[in-house]
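[1] What follows is a protein structure lacking sequence information:
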């Protein structure tokens, strides 16, 4: 295979699939050649044609920014000669594109995906879980260690009866006002409702802003067999009482057993972190193909990282199922831009240092790769931060790009599994199985205890259809409890909550 790829016929740049040395001659599609002027790393861009200063530079068939100097063929194209073309708040016009189900997705649906099953837990409210766990949710960060001890003791005593007893530490719930307190309450309440938790113990302290009584109103209706509460300051021995309540929750959890359930019940979260120049070529399109396939079978996919939609947002807007959803996407994008402006921060201060080292030069380039995780499906709904998904299909979720915050938000929205694509690698995991998908084979080989699936083989002769089938079967195996992700095996199950306001 040639060591580079051009992603669209209109692109003036090609992408290195492996490091390319200075002086190497590359033969282009039309039979002409260019000479690489300096060493170019894997995932980085090389000019395949002359680009004038001020001209748009195209990759994926779209502009990824403006040339700030004249760029000659064979030149490395990166942050030293390319800048973002994005600026300020934009006006948008609804221009819907044809959303006819693509032939591949139609074929998948017709082939039996729509009646495909996985082995999961059906809850009394009609929702389904892929794990039968006990979750300990604390209302305030002051009792993180208490909840940690409860989880450890609960796992020792009852771990053989359920899929685990887990606590998710966080620093919030006290000294918070306004939107921050509401964000904390709404996010934690949505976690309480997550069907992967057969039982939930809510532990409060007693003097925090997020009082158990007020938190109950945010939780809304709940089954007292499934959700129990403990206020530590009012208990003579909160550890002994907590273990007693966990035991009752385990007894309730044991009333559930796995049964065949339709894949249409599954919800997947879509996330990328530590992206590189190959993310939009391998792992993200692969996840997009599985997302489309699940949606074609009647399931649900959740896409977030709003700041990493900037520059590609019109692609999503024009896939809105109707004009009302389009207007909500516009609001989602512009509200997040105003968040940056309100804090006197540049709206387009992205990508990160790791992204740049991996070959991503501008936010447009990052966003055009990032949004490919959403495949080609119509946008069915737009969810506020902390809200649970109610509609099948592709949902956009309000959350920043931060890995822990966005994976937590995806979990709270109802994702049973999160597909996390990465070109740089990360060990963390959310409360639900977090499937790490590498963009390149080198990372998959080097970080075997982090990476669950290697999309890099797409550059080594494996077809997208083969990879889509493989990741699809892996999803069903994980959902059925037949396979576990590295974050589960390593015990990495973490949360983070979005903060924007004043702390007292």
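    Good, I have the coordinates. Since the structure is predicted, the reported quantities are computational estimates derived from the model, not experimental observations. Numbering: from 1, shown residues only.
[2] which ones are touching the closest residue in space to residue 453 that isn't next to it in sequence?
    Leaving aside its sequence neighbours, residue 453 sits nearest to residue 437 (C-beta to C-beta, 6 or more residues apart in numbering; 4.6 Å). C-beta: built from backbone N, CA, C; applies to glycine. Contact analysis of residue 437 by C-beta atoms under 8 Å, 6 or more residues apart in numbering lists 283, 286-287, 419-422, 451-455, 471.
[3] go again using 10 Å as the cut-off
    272, 279, 282-284, 286-287, 290, 373, 419-422, 444, 451-456, 467, 471, 474 (C-beta atoms under 10 Å, 6 or more residues apart in numbering).
[4] That one is in what secondary structure piece?
    Here residue 437 sits within strand 434-438, counting by DSSP states H and E.
[5] and if you look at residue 471?
    Using DSSP H and E, residue 471 falls within helix 464-479.
[6] Then residue 222?
    Per DSSP H and E, residue 222 falls between elements, in no helix or strand.
[7] my guess is it contacts residue 137, does it?
    No: with contacts counted by C-beta atoms under 10 Å, residue 222 stays clear of residue 137, the gap being 11.8 Å.
[8] So for the two, which residue has more residues nearby?
    Taking neighbours as other C-beta atoms under 10 Å, residue 222 and residue 137 compare with residue 137 leading, 25 against 17.
[9] returning to that earlier point: the strand holding residue 437 pairs with which strands?
    strand 417-422 (parallel), strand 453-454 (parallel) (DSSP bridges).
[10] Just send those strands back as CSV, with distance to residue 68 too.
    Putting the strands paired with strand 434-438 into CSV (distance: least, C-beta to C-beta, whole Å) gives the following:
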stretch, distance to residue 68
strand 417-422, 29
strand 453-454, 36
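[11] In a markdown table, list those along with mean neighbour count and mean pLDDT.
    Formatted as a markdown table, the strands paired with strand 434-438 follow (neighbours: other C-beta atoms under 10 Å; pLDDT from 0 to 100):
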| stretch | mean neighbour count | mean pLDDT |
| --- | --- | --- |
| strand 417-422 | 28 | 98 |
| strand 453-454 | 23 | 98 |
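[12] Tell me which of these sits nearest to residue 342.
    strand 417-422 (29.1 Å; C-beta to C-beta).
[13] next one: the biggest helix by length in the chain to chain centre, how far?
    Longest helix in the chain by number of residues, with DSSP state H as the criterion: helix 323-342. Counting by C-alpha atoms, centre = their mean, to the nearest Å, helix 323-342 is centred 19 Å from the centre of its parent chain.
[14] And it, what does it pack against?
    helix 313-317, strand 379-383, strand 393-397 (3 or more C-beta pairs under 10 Å, 6 or more residues apart in numbering; DSSP states H and E).
[15] picking up where we left off before, buried ones in the helix holding residue 471?
    Neighbour-count burial for helix 464-479, with 16 or more other C-beta atoms under 10 Å as criterion, is recorded at 467-468, 470-472, 474-476, 478-479.
[16] Need the winner for burial among the helices and strands packed on helix 323-342.
    Stretch with highest mean neighbour count among the helices and strands packed on helix 323-342: strand 393-397 (a mean of 25; mean count of other C-beta atoms under 10 Å).
[17] Residue 203 sits in which helix or strand?
    Applying DSSP H and E, one finds residue 203 within strand 197-204.
[18] hmm, back to that, may I see the buried residues of the helix or strand just after the strand holding residue 437?
    Under the assignment DSSP H and E, the closest C-terminal helix or strand after strand 434-438 is helix 441-446. Neighbour-count burial for helix 441-446, counted by 16+ other C-beta under 10 Å, picks out 441, 443-444.
[19] Wait, residue 51 touches residue 13, no?
    Yes: between residue 51 and residue 13 there is a contact at 8.4 Å, judged by C-beta under 10 Å.
[20] Overlap of the contact sets of those two?
    Contacts common to residue 51 and residue 13, judged by C-beta under 10 Å, 6+ apart, are 57-58, 71, 75, 77, 82.
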